[in-house]
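Chemist: The following block contains a protein sequence and its predicted model.
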Amino acid sequence: MSSLSRELVFLILQFLDEEKFKETVHKLEQESGFFFNMKYFEDEVHNGNWDEVEKYLSGFTKVDDNRYSMKIFFEIRKQKYLEALDKHDRSKAVDILVKDLKVFASFNEELFKEITQLLTLENFRENEQLSKYGDTKSARAIMLVELKKLIEANPLFRDKLQFPNLKNSRLRTLINQSLNWQHQLCKNPRPNPDIKTLFVDHSCGQPNSARAPSPANSPLLGSLPKAGGFPPLGAHGPFQPTAAPVPAPLAGWMSNPPTVTHPAVSGGPIGLGGPSIPAALKHPRTPPTNNSVDYPSGDSDHVSKRRAMGISDEVNLPVNVMPISFPGHSHSQAFNAPDDLPKTVARTLNQVGTNVGDIALWEVGSRERLVLRIFKVWDLSACTMPLQTAIVKDPGVSVNRIIWSPDGSLFGVAYSRHIVQIYSYNGSDDVRQHLEIDAHVGGVNDLAFSHPNKQLCVITCGDDKTIKVWDAVTGTKQYTFEGHEAPVYSVCPHFKENIQFIFSTALDGKIKAWLYDNLGSRVDYDAPGRWCTTMAYSADGTRLFSCGTSKEGESHIVEWNESEGAVKRTYQGFRKRSLGVVQFDTTKNRFLAAGDDYSIKFWDMDNVQLLTSIDADGNLPASPRIRFNKDGTLLAVSANENGIKILANSDGLRMLRAFESYDASRASETVSKPTITAISAAAAAASTSAGLADRVASVAISAMNGDARNLGDVKPRIAEETNDKSKIWKLTEISDPSHCRSLKLPENLRVTKIARLIYTNSGNAILALASNAVHLLWKMAANVSPQLWQPSSGILMTNEIADTNPEDAVPCFALSKNDSYVMSASGGKISLFNMMTFKTMTTFMPPPPAATFLAFHPQDNNIIAIGMDDSTIQIYNVRVDEVKSKLKGHAKRITGLAFSHVLNVLISSGADAMICVWSSDGWEKQKSRILEIPPGRTRTAQSDTRVQFHQDQTHFLVVHETQLAIFEATKLECVKQWVPRESTAPISHAVFSCDSQLVYASFLDATVCVFTAANLRLRCRISPPAYLSPSVSNSNVHPLVIAAHPQEPNQFALGLSDGSVHVFEPLESEGKWGVPPPVENGSASSVAATPSVGPSGSDQPQR
């Protein structure tokens, strides 16, 4: 097959995948043998579809092709055989043995005999080699790791594992280019060409009017036909258009159209009359979103036709008459996209003194705050009794949303407690109360303005699972939409073809759509992430996008195919776990922007790859709120310390300079109100405290400055009270057992001291390694006291020890991601234990040198970084029992290792106080530096230096007996540091909380301290009497190690020098460890944005 034919197959594969012809895609992959879809193969193996697995493989290799292929087929058939035995299906096992496995007997007769003998065992795990076989799911996963390695090593799969890097819809783009060319060759090109088929070349007939402008004389895109200029390809069956068609965006999404005849609703703006479904409902004509081919789906009756012809029932195809620029594949000729984005920080607005529930209006040009409104209920007597009772009992409130009306004369504020307040704006600082609506029971999560029936309305949604429509002049309720089964998170009103409708999203991830009638939702779809989702159209109203974050922190921006109700493209570039609910905005019908990972990220709407990312000179929260102005020349971004940054492109900078050329009084008189509101809208939307808190009322996301409180629970205060608060702030001291919750784990085994401690990744158990080389495992369950657990065999997980005293060894261990295995050493060989049976699976690497630290590679459990007492780091592959690399850069034993899967680096630390950064791709050393010891301190010979990555995977914690420090990994720069007083006991250990908002540190005097991670400021101190009895606390017992719970950010455990383990949580009434100290001179800035070493702690209460 020629190269072009091969490339055509790839284009067809892409087209089939985009059209969701899943079975056909994989059939073509197998029959052509050009692309081995590893993801599909993995899914089939995980699901145990063995016939399909072998059938798919057969398109690429046969059993006897080479030793790799033989091994691949053997592993699959062996797994199928073992699963049959595990189900005690002997007849099926015999059938597999005879038909599938016997072929391997000629290559290894002894192995075949051994496999056959498994039939005689009641449980094949009695065979020593299969004793480690777990359940089916884990066995398939382990086998899949091996299969992937074999496939990657097999020369027959070379160049078949990577799909070519194609732009979206490449085949459609080529067809579009062809039609453009055909149209340019027409003798009489029409401005609205009539293209009815792709089976023959296009040719315009004789014109009935004046000729279309020639390509040579056309301005760029100037004579493009308007969207929807092409007629449908043929009729659509019996359904004919009605007087009130359902809009195209709703039409294709109607999964369950009404089957009952609904009477026309009198007085309602729109009604569906008659039992038949309008043609527009079945065959929506979605205007094209760019100058490329768009294939909306036909109705279900035509599916077979689509499959046969490869095209849809209609084509909306605008033709670009310019001979040199083919649309749909490049925008470079229109402008330089990155330079057109607002990326320059032009203004920084500081809101010192504002509180939760306050709103502010800013004049961006002069940096002047025009208005500050502190929250209050305007007319409490007019509110419902539930609201009156709630406000009197607890007046705490926060802002969930603030938005301008289309003409800038009004703006609305949605609060976390029942209320929506509408203000009128008359220019300058003239803001007046307009309407107060007691809208919902619970929080009002979103609001928007709309114009159904040419009448301005306010649309709200809330915790009571409803959407409501209100007259924006009188406040009269017009509609209530019910149907969501969870709190409604956002609304997005829109109109197409003179049809008004509303999209809504709820916290269960459901998307619904409503017409302004009482006929219920027209749509029921799941948003990616299935949690907090917002929706928005492009400025021209032709393209629909949504942005959401799941409960696990996975964020998504997608474009929807409105005609099918399916995701058209998914944009890439988010961090793997966002630190908040990501918000987004659109501009210029071209760009998307979102606040994520302490930065603003931009995408071209036509390209799923990240276009660019900027940090706006730093000091941004983890998930900043953003808003473009109408023209896309300015971008407002929420910053730390209640700040707002205004970013501008070149046009925006010129506009701001024009403002500066006037004095303040003249600016308020001469600049037109729409211009002011366009700029002010962005600032106002971002300036509320809720703008920094990610809509806390409905989803309780972490709030400002790393404080994990729900801002909806914080009472509003005036500025003077805030200042007083900072003066009276006190460190939280816990010195009595009644001041916190602590639990000493039961002890059945006598151990001298706990040397290493970790929670399992599931959070259901705590694993400890004692100094006598014995492991202890406590299992925890809800409402059940933790129990020290051993398997029924009664064996212990005990490391091999060297000839020397085990107390003198340096113990270390590491847990696999699925909690199945623990790798451990106590001065002797490294042991690999099965966590379910406690059996030793293997031992390796006898000393010298002895292992002193272990870390699994984040992407491959078979790769382990092993720190040694001879100062080297060995990169070891367990499966092939081979040292892949030996890293040299330290002068003393290795005391800490940490991988970053984002930066693809390994951080190492040693007893020499050296910190090194290594590439995890080629294992070369990138940077190194000596940890600076604070003045007045001396570096002891055996002082450990530990490292741990922050959740953002770009910063890491350094723990030394003399200090705590936060480093930025790429530059290896210290950005925050805390140094205890000289009289304070040395630090024994410290770790991040699971959300990286706190740092837990233990000291050799048995004190435990809790720090706010963003600035390393002490917020809580736990004294020894709070958890040690008087007799114990006087015997020099102290914590050696500390471990943080993997899901509960306020739970941690201590391993003590007397062999005991204690678990800690704050009191339920408190909910967290102390209160963060007040922000002073910006010292509470985010870790990711802090440019230099912060205060050493001398200005704060010391230990």
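Modeler: Thanks, I have it. Numbers count the residues shown, from 1 in each chain.
Chemist: Centre-most residue in this protein?
Modeler: Glu554 (2.5 Å; C-alpha atoms, centre = their mean).
Chemist: you'd agree that one is up against Val581?
Modeler: No: counting by C-beta atoms under 8 Å, Glu554 does not reach Val581; the two are 11.5 Å apart. Quick note: C-beta positions are derived from backbone N, CA and C, even for glycine.
Chemist: so what are the domain limits for the protein?
Modeler: For the chain, the structural domains run 36-162, 732-1065, going by the TED database.
Chemist: Any idea which of the ones you listed gets closest to Ile422?
Modeler: Checking those against Ile422 by C-beta to C-beta gives domain 732-1065 as the closest, at 36.2 Å.
Chemist: Now do the end-to-end distance for that closest one.
Modeler: End-to-end distance for domain 732-1065, by C-alpha to C-alpha, to the nearest Å: 14 Å.
Chemist: can you give me the mean pLDDT across it?
Modeler: For domain 732-1065, mean pLDDT rounds to 90.
Chemist: buried stuff in the lengthiest helix in the chain?
Modeler: Longest helix in the chain, counting residues (DSSP state H): helix 67-86. For helix 67-86, burial by neighbour count (16 or more other C-beta atoms under 10 Å) applies to 68-86.
Chemist: Counting neighbours, what do you get for the closest residue to the residue nearest to the centre of the chain other than its chain neighbours?
Modeler: Of all residues not flanking Glu554 in the chain, Gly529 sits nearest, at 6.0 Å (C-beta to C-beta, 6 or more residues apart in numbering). Around Gly529 there are 23 other residues, counting by other C-beta atoms under 10 Å.
Chemist: check contacts around Gly529.
Modeler: Neighbouring residues of Gly529 by C-beta atoms under 8 Å, 6 or more residues apart in numbering: Gly509, Gly548, Thr549, Ser550, Glu554, Ser555, His556.
Chemist: For those, give me a markdown table that also has pLDDT and secondary structure.
Modeler: Converted to a markdown table, the contacts of Gly529 look like this (pLDDT from 0 to 100; DSSP: H, G, I helix; E, B strand; the rest coil):
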| residue | pLDDT | secondary structure |
| --- | --- | --- |
| Gly509 | 88 | coil |
| Gly548 | 89 | strand |
| Thr549 | 89 | strand |
| Ser550 | 87 | coil |
| Glu554 | 86 | coil |
| Ser555 | 88 | strand |
| His556 | 88 | strand |
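Chemist: Need the buried ones from the residues you listed selected in PyMOL.
Modeler: The following PyMOL line selects those of the contacts of Gly529 that are buried, judged by 16+ other C-beta under 10 Å:
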select buried, resi 509+548+549+550+554+555+556
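Chemist: Tell me which two of the contacts of Gly529 sit farthest apart.
Modeler: Gly509 and Ser555 (13.4 Å).
Chemist: what is in contact with those two at once?
Modeler: Joint contacts of Gly509 and Ser555 (C-beta under 8 Å, 6+ apart) are Gly529, Gly548.
Chemist: Can you tell me the SS state at His99?
Modeler: Actually, residue 99 is Lys rather than His. helix (DSSP: H, G, I helix; E, B strand; the rest coil).
Chemist: I figured His890 hits Met914, correct?
Modeler: Yes: look at His890 against Met914 with C-beta under 8 Å: they come within range, at 5.2 Å.
Chemist: on that earlier part again, can the domains of the chain go into a markdown table with extra columns for distance to Gly442?
Modeler: A markdown table is the format used below for the domains of the chain (distance: least, C-beta to C-beta, whole Å):
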| stretch | distance to Gly442 |
| --- | --- |
| domain 36-162 | 41 |
| domain 732-1065 | 26 |
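Chemist: Out of those, which is the most enclosed?
Modeler: With neighbours defined as mean count of other C-beta atoms under 10 Å, the domains of the chain peak in mean count at domain 732-1065, which reaches a mean of 19.
Chemist: Show me how far it is from its chain's centre.
Modeler: 27 Å (C-alpha atoms, centre = their mean, to the nearest Å).
Chemist: again, but for stretch 411-425
Modeler: Distance, stretch centre to chain centre, for stretch 411-425: 30 Å (C-alpha atoms, centre = their mean).
Chemist: what do you get for stretch 423-434?
Modeler: Distance, centroid of stretch 423-434 to centroid of chain: 39 Å (C-alpha atoms, centre = their mean).
Chemist: Which stretches in the stretch 651-800 of the chain count as helices?
Modeler: Remark: helices assigned in the stretch 651-800 of the chain by DSSP state H, counting those that start in this stretch are 664-670, 673-687, 689-693, 696-699, 719-728.
Chemist: cool, the stretch 801-950 of the chain as well?
Modeler: In the stretch 801-950 of the chain, no helices are defined using DSSP H, counting those that start in this stretch.
Chemist: Contacts only, for His989.
Modeler: Arg946, Val959, Ala1001, Ser1002, Pro1039, Leu1040, Val1041, Ile1042.
Chemist: mean pLDDT for the helices of the stretch 651-800 of the chain: which is lowest?
Modeler: Across the helices of the stretch 651-800 of the chain, helix 696-699 gives the lowest mean pLDDT, at a mean of 28.
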